[in-house]
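A.B. asks: Need a 3D model of the sequence below.
(one chain, ligands or ions: 1)
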Amino acid sequence: MEKKQFKAESKRLLDLMIHSIYTHKEIFLRELISNASDAIDKLYYLALTENTGISRDDFYIRLAVDKEARTLTISDNGIGMSKEEMENNLGTIAKSGSLQFKEENADKMDAKEEIDIIGQFGVGFYSAFMVASKIQVVSKAYGQEQAHLWESTGAEGYSIEPCEKENPGTEIILYIKEDTEDEKYGEFLEEYKVKGLIKKYSDYIRYPIKMNAEKHRMKEASEEQKADKDYTPEYETYREDETLNSMVPIWKKSKGTITEEDYNQFYKEKFFDFEEPAKVIHTNVEGVSTYNALMYIPARTPYNYYTKEYEKGLQLYSSGVLIMEKCADLLPDYFSFVRGLVDSQDLSLNISRELLQHDRQLKAIAVRLEKKIKAELLDMLHTDREKYETFFENFGMQLKFGAYNEFGMHKDAVQELLMFYSSSEKKLVTFAEYVSRMKEDQKYIYYACGESREKLDKQPQTEMLKDKGYEILYCTDEIDEFAIKIIGAVEEKSFKSVSSDDLGIEETAEEKEALEKQAEENKDLFAAMKEALEGKVSEVRVSQRLKSHPVCLTSNGDLSIEMEKVLNAIPANSDKVSAEKVLEINANHKVFASLKTAFGQDPEKVKAYAKLLYNQALLIEGMPIDDPIEFSNTICSLM
Ligand SMILES: Nc1ncnc2c1ncn2[C@@H]1O[C@H](COP(=O)(O)OP(=O)(O)OP(=O)(O)O)[C@@H](O)[C@H]1O
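C.D. replies: Here you go, the predicted model:
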């Protein structure tokens, strides 16, 4: 059977290349710089394998803008291209001389860490047509006499002719398009813009990227001017060679050579923080996935952290070239406060280098990063408590959210990192610490929810538990009880709200009997009070937990009073919820005696007392009372 070659409409293909692959026009510069770096790498490789006398320090990439001619020139003193190579590599779409070079030298190149060829798809060069109406490439291959000029305006094809060029290397001259209403191509002729793009995408290209840039300085004053007190300094512009990139990525240096100062400086510059980070996490991993990661935990909560504007993610680099500014997939939501970057050669990039093809590698990296971050946080918790507590004050809410989110899917991952304020220790404690201190007869991990630690400390419901020497965790963030409920139990000890119906306290036979007796004796009184409260409580009963206070509210069932408050405060929540409330009375309080007396004599008074006590209990809970006027009138009439 006759085999036929596919045909490609090269004009159309080029058009597709130019206009459909990239979302950001500005990446053309990243692509051309990467090509220049590849060309230098190739020559450097030659220098390493053959004795050419070329040293690494001789290499550079140079940028030049000419506003009048509207040209942007990128030159390198790398390996250059012969006429054939120009035809093959620049005349054939998707032909990558760099990939070929890498494949041909793969076995020998492995050992050479300094070589890190970027090109692989054979398309990056054409991205320059997004911003240039004409491109000239002047190149002289290393070891050849004759240089050539390749020229193209895009779709119409290209020409190649011999030309003059003194040294080996390549010069790419872009004739920048005229501005249109939508596109200001002219910005690529502005030095500040070019510098910005190098910093953004190509800061870690390992050869210097130089530009003869315009600068300003104060003019040296003459003796006469110095003597003149009215003299105002004059400024002058001058031009000077400047290296635009940092070259060596700090994260690729060996850890022993980097000082704390280096790490902190890098953090402040890169992530625009004026404060030093609370923690630096630097990890170099080799194996199934090879990557370097440099991560930081900020010392302070960013101003927009708990808002929708905050975007999580790590910068993603491939061979030192920026691929993504914020790769969200690298961080779980509960570690969204981590800033930093990951650099890996193993990523399967798509053709535009803007996205990743399959994210298997990325997922594997993310899993390892998560473990690393957690291990570092636990280490901080165990070795530098004060620092960890500050960290937790800053980002603990996010961790608690992490436990609750997605139906508690990640609760095991974050549980160890959580802290709550302890009634007995008067500081933040972990669940593990709490459990280790539990009394022998203590069944549950107790917690109390409310507005502030001070208010919780005075809460009637906590009296008896404290008396028994039980520790109580104070929950003052809205998320707290939701997180605790979803965690359910720690080391097989489940949680119990101090306001829940059954506190799980073992009573003596006598206590039990006394309680039952009181309940039985006052059955009718409680029924009358419940009726007086017109469905606001599901039960009125003798309290087991009150010591000095007369009343408190507790709840039956899953929905607590605190959760009712939180859920009903959500503006979008139109279906208001209501906890099943129980009014508990302290049978040893004088008020109870008054109630009992009134019950025999004046049923109206019992009604008034019931309402009064219920409203008091509401106020203690920090909840609004239904009818403040009636409340106030009742007090007055009783007085
Ligand atoms: N400055 C240069 N010096 C020498 N050769 C170059 C230069 N620029 C491009 N080339 C050659 O042209 C080829 C095609 O470049 P192009 O940018 O289109 O693709 P690539 O860099 O190979 O792959 P990618 O699309 O992944 O960037 C390169 O592989 C290289 O062989």
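
A.B. asks: Give me the pLDDT for N573.
C.D. replies: At N573, the pLDDT value in this model is 69.

A.B. asks: ugh, wrong one, K372
C.D. replies: At K372, the pLDDT value in this model is 97.

A.B. asks: Tell me if stretch 55-71 is near the ligand.
C.D. replies: No. Remark: stretch 55-71 sits outside contact range of the ligand, by C-beta under 6 Å from any ligand atom, the gap being at least 8.8 Å. Using the backbone N, CA and C atoms, a C-beta is placed for each residue, glycine as well.

A.B. asks: low pLDDT regions in this protein?
C.D. replies: By pLDDT under 70, the low-scoring segments of the chain are 1, 7-8, 109-114, 355-358, 573.

A.B. asks: Pull up the residues of it that are close to the ligand.
C.D. replies: Counting by C-beta under 6 Å from any ligand atom, the residues of the chain that sit close to the ligand are 31, 35-36, 39, 76, 78-81, 89-90, 96-99, 119-125, 170.

A.B. asks: Please enumerate the strands of the stretch 251-400 of the chain.
C.D. replies: Secondary structure of the stretch 251-400 of the chain (DSSP state E, counting those that start in this stretch): strands at 279-285, 291-297, 314-318, 321-327, 339-344.

A.B. asks: how close does I135 sit to S127?
C.D. replies: In this structure, I135 lies at 11 Å from S127, with C-beta to C-beta, to the nearest Å as the measure.

A.B. asks: ok, now D116?
C.D. replies: D116 is 21 Å from S127, where distance means C-beta to C-beta.

A.B. asks: Check E463 too.
C.D. replies: 72 Å.

A.B. asks: more crowded one of the two?
C.D. replies: Between E463 and S127, counted using other C-beta atoms under 10 Å, S127 has the larger neighbour count: 24 against 19.

A.B. asks: So the more buried one sits against E31, correct?
C.D. replies: Yes. The pair S127 and E31 passes the contact test of C-beta atoms under 8 Å, sitting 4.9 Å apart.

A.B. asks: Now for the residue nearest to Y175 when sequence neighbours are not counted: which residues touch it?
C.D. replies: Ranked by C-beta to C-beta, 6 or more residues apart in numbering and with sequence neighbours excluded, the top spatial neighbour of Y175 is K134, at 4.1 Å. With C-beta atoms under 8 Å, 6 or more residues apart in numbering as the criterion, the residues that contact K134 are 151-153, 174-175.

A.B. asks: For stretch 127-137, what is the spacing between the initial and final residues?
C.D. replies: End-to-end distance of stretch 127-137: 14 Å, with C-alpha to C-alpha, to the nearest Å as the criterion.

A.B. asks: Name the residues of that stretch that come out as buried.
C.D. replies: Taking 16 or more other C-beta atoms under 10 Å as the basis for neighbour counts, the residues of stretch 127-137 that come out buried are 127-132, 135-137.

A.B. asks: Could you do stretch 143-152 as well?
C.D. replies: Judged by neighbour count (16+ other C-beta under 10 Å), stretch 143-152 contains these buried residues: 147-150, 152.

A.B. asks: Can I get it in PDB, CA atoms only?
C.D. replies: Backbone C-alpha positions of stretch 143-152 (Å, rounded to 0.1, in the frame of the first residue of the first chain) are rendered in PDB as follows:
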ATOM      1  CA  GLY A 143      33.600  26.900  13.900                       C
ATOM      2  CA  GLN A 144      32.300  28.300  10.600                       C
ATOM      3  CA  GLU A 145      33.500  31.200   8.600                       C
ATOM      4  CA  GLN A 146      30.300  32.400   7.000                       C
ATOM      5  CA  ALA A 147      27.400  34.000   8.800                       C
ATOM      6  CA  HIS A 148      23.800  34.100   7.400                       C
ATOM      7  CA  LEU A 149      20.800  36.300   7.600                       C
ATOM      8  CA  TRP A 150      17.400  34.700   8.000                       C
ATOM      9  CA  GLU A 151      14.500  37.100   7.400                       C
ATOM     10  CA  SER A 152      10.800  36.600   7.600                       C
END
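
A.B. asks: Just the closest residue of the stretch 451-600 of the chain to the ligand, please.
C.D. replies: Of all residues in the stretch 451-600 of the chain, I479 sits closest to the ligand, at 45.9 Å by C-beta to the nearest ligand atom.

A.B. asks: mind listing what the nearest residue to that residue once chain neighbours are set aside touches?
C.D. replies: Excluding its sequence neighbours, the residue lying closest to I479 (C-beta to C-beta, 6+ apart) is K400, at 4.9 Å. Each residue near K400 by C-beta under 8 Å, 6+ apart is listed here: 414, 418, 477, 479-480, 483.

A.B. asks: May I ask which two of those residues are separated the most?
C.D. replies: The two members of the contacts of K400 with the most space between them (C-beta to C-beta) are V414 and D477, at 14.4 Å.

A.B. asks: Which one's more surrounded, those two?
C.D. replies: Neighbours per residue, other C-beta under 10 Å: of V414 and D477, the larger number sits with V414, 24 against 15.

A.B. asks: Tell me how far that one lies from G396.
C.D. replies: In this view, V414 and G396 are 10 Å apart by C-beta to C-beta.

A.B. asks: Now for these two: what residues contact both?
C.D. replies: Where contact means C-beta under 8 Å, 6+ apart, no residue is in contact with each of V414 and G396.

A.B. asks: which phi and psi does D41 have?
C.D. replies: In this entry, D41 is assigned phi and psi values of phi -60, psi -40 (degrees, to the nearest 10).
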